[in-house]
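Colleague: show me how the following folds:
(2 chains)
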There are 2 protein chains.
Amino acid sequence: MGIRCVAIRACGGVLQRALSLHTAHATKDMDNLFQLVRNIVPALTSKKHKGQDGRIGIVGGCQEYTGAPYFAGISALKVGADLTHVFCAREAAPVIKSYSPELIVHPVLDSSDAVEEVEKWLPRLHALVVGPGLGRDDLLLNNVRGILESTKARDIPVVIDADGLWLIAQRPALVHGYQKAVLTPNHVEFSRLWDAVLSSPMDTSNHSGSVLKLSQALGNITIVQKGEQDLISNGQQAPARSWWLPGVRAHSQGSVTIWPSRSTGVPQPLPT
Amino acid sequence: MGIRCVAIRACGGVLQRALSLHTAHATKDMDNLFQLVRNIVPALTSKKHKGQDGRIGIVGGCQEYTGAPYFAGISALKVGADLTHVFCAREAAPVIKSYSPELIVHPVLDSSDAVEEVEKWLPRLHALVVGPGLGRDDLLLNNVRGILESTKARDIPVVIDADGLWLIAQRPALVHGYQKAVLTPNHVEFSRLWDAVLSSPMDTSNHSGSVLKLSQALGNITIVQKGEQDLISNGQQAPARSWWLPGVRAHSQGSVTIWPSRSTGVPQPLPT
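Modeller: Okay, here's the model as predicted:
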């Protein structure tokens, strides 16, 4: 069975089981969700060549953290992308390479020409994920700032997670109003972004309203606040919610946002 | 099935099989033991965030030994901890990282500022395991001495095993009277500690009395003497015993103290 069939079945299974725990959802809703997933995961076809179904860049991976960029990259492949390029610090590269021969790993993120090295690849990438295993070293963060500016200039979609969000809290202008940015903060990262962008205290009794407000304050960029229920808003309307399986939450390195890495990093048999 | 469910079932299986070999144990005792295990393994809940169910530090890993700190770290994750940080010698780090992307590995233990590097993380750790794959290099042992002093000053629980016990045999004062220390010597390590702390010869016909005496001589710290029957004492009363499966004993690198790593490091189907 091809990896995409596995991915489609896994996604379907997750949705089916998750939704079966929430009986308020009608069968019709579930059918709609399956259709959504089908729309997202590229169909298997021999008409395409390698790369057409997604070339994804991951920016992250430093001395301490090598697991998170691996999880982000391998997850992208498992849900249908054709190629992933990981741009990480020199020391992290052989380790990330060793996790899987399927990842293309560039040891450039701590070099003096990191921005130029990544810029070479940007025209070939469909989307960028910035932050998994990035850490908070000033040199790396400064290089990532330049990479984000180049990414915006080329109008490439970018998901920002983990210590990428630390950078955004320091420099909200980097993504302000960029409609192709998606921020995926957990509870702590969300509070940090709130404090950086809004002067009023957060209403902790109204998560949904807070997500809407932060999205608007950042120029209507999309925010996925991760938690027991994920809240998703682009500032236009009250946030949508998504559910995870009970008891499944992030552990180990990083906290990339799709299901497998929230449990054990690589796809596991679902709870029965 | 979630990884913690697997861990609970695995622990349950070990206990069930072990106890079935000792018919003196009534069913009620077994029920109590299952309850004990349930109390130890954190309940699955989506109410918590990553890290709340345990951030564990492992101090060990050198040029020769890279397996033991991996076994210690991955075992901690498999029985319910959320995060493990391995602090090891520079040369060991890429190897330990490559065993699993779930471990966070810091290549600091042979650096001149090793103590400061570990001290940065200590306030975030719930417990420390000192010794797996440590070796007996003077530089490493001296750094570990400083780390142990910092750990005590912060009142953090510490399990000391393997060559961590070699260090304790050289400097018993490092743990004397520290109630949050647990030593886990095998037969040879126990004799070495005895010779370092007590002037009288050990009564080899009375293991239980010897464990009690050594614990008392070290200021009532907890000792788990590993063997056919483990003997556990905090110096207050005659040691409790625990049983392992016949034929299951420590092998390969190190001898970390929980069941999975006593056999092959990661949970395996039980012998039948």
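Colleague: got a list of contacts for stretch A:132-146?
Modeller: Contact with stretch A:132-146 is made by A:58-69, A:71-72, A:88-89, A:92, A:109-110, A:114-115, A:130, A:161-164, A:166-167, A:170-171, A:174, A:253-254, A:256, as judged by CB atoms under 8 Å, 6 or more residues apart in numbering or on different chains. The C-beta positions use only the backbone N, C-alpha and C, and glycine is treated the same way.
Colleague: strands along the stretch 51-200 of chain A, start to end?
Modeller: Taking DSSP state E, counting those that start in this stretch as the criterion, the stretch 51-200 of chain A contains strands spanning A:55-59, A:83-88, A:104-107, A:127-130, A:158-160, A:181-183.
Colleague: show me what the fifth one is packed up against.
Modeller: When contacts are defined as 3 or more CB pairs under 8 Å, 6 or more residues apart in numbering or on different chains; DSSP states H and E, strand A:158-160 packs onto strand A:127-130, helix A:138-153, strand A:181-183.
Colleague: can you tell me which of the ones you listed is most buried?
Modeller: The highest mean neighbour count among the helices and strands packed on strand A:158-160 belongs to strand A:127-130 (a mean of 25), with neighbours defined as mean count of other CB atoms under 10 Å in any protein chain shown.
Colleague: now for that one, which elements pack on it?
Modeller: Helices and strands in packing contact with strand A:127-130 are listed as strand A:55-59, helix A:138-153, strand A:158-160; criterion 3+ CB pairs under 8 Å, 6+ apart.
Colleague: is it true that residue A:92 touches residue A:63?
Modeller: Yes. Judged on CB atoms under 8 Å, residue A:92 makes contact with residue A:63 at a distance of 6.7 Å.
Colleague: compare these two and say which is more crowded by neighbours.
Modeller: residue A:92 (27 against 21; other CB atoms under 10 Å in any protein chain shown).
Colleague: leaving out chain neighbours, which residue sits closest to that one?
Modeller: Take residue A:92 and drop its neighbours on the chain: the residue closest to it by CB to CB, 6 or more residues apart in numbering or on different chains is residue A:61, 4.0 Å away.
Colleague: does that neighbour touch residue A:91 like I think?
Modeller: No. Checked against CB under 8 Å, the pair residue A:61 and residue A:91 is beyond contact range at 9.1 Å.
Colleague: partner residues bridging residue A:242?
Modeller: Beta-bridge partners of residue A:242, counted by DSSP bridges, are residue A:230.
Colleague: show me what contacts the closest residue to residue A:233 other than its chain neighbours?
Modeller: Once flanking residues are discounted, residue A:233 sits nearest to residue A:239: 3.9 Å by CB to CB, 6+ apart. In this structure, residue A:239 makes contact with A:208, A:211, A:212, A:225, A:231, A:232, A:233, judged by CB under 8 Å, 6+ apart.
Colleague: redo that, cut-off 10 Å
Modeller: Residues near residue A:239 by CB atoms under 10 Å, 6 or more residues apart in numbering or on different chains: A:207-212, A:215, A:223-225, A:229-233.
Colleague: and residue A:222, by the same measure?
Modeller: For residue A:222, the residues meeting the contact criterion (CB under 10 Å, 6+ apart) are A:157, A:159, A:179-184, A:215, A:232-236.
Colleague: bridging across strands, which residues link to it?
Modeller: residue A:182.
Colleague: that one and residue A:180, how far apart?
Modeller: Distance from residue A:222 to residue A:180, counting by CB to CB, to the nearest Å: 9 Å.
Colleague: what's the overlap in contacts for these two?
Modeller: Among the neighbours of residue A:222, those also in contact with residue A:180 (CB under 10 Å, 6+ apart) are A:157, A:159.
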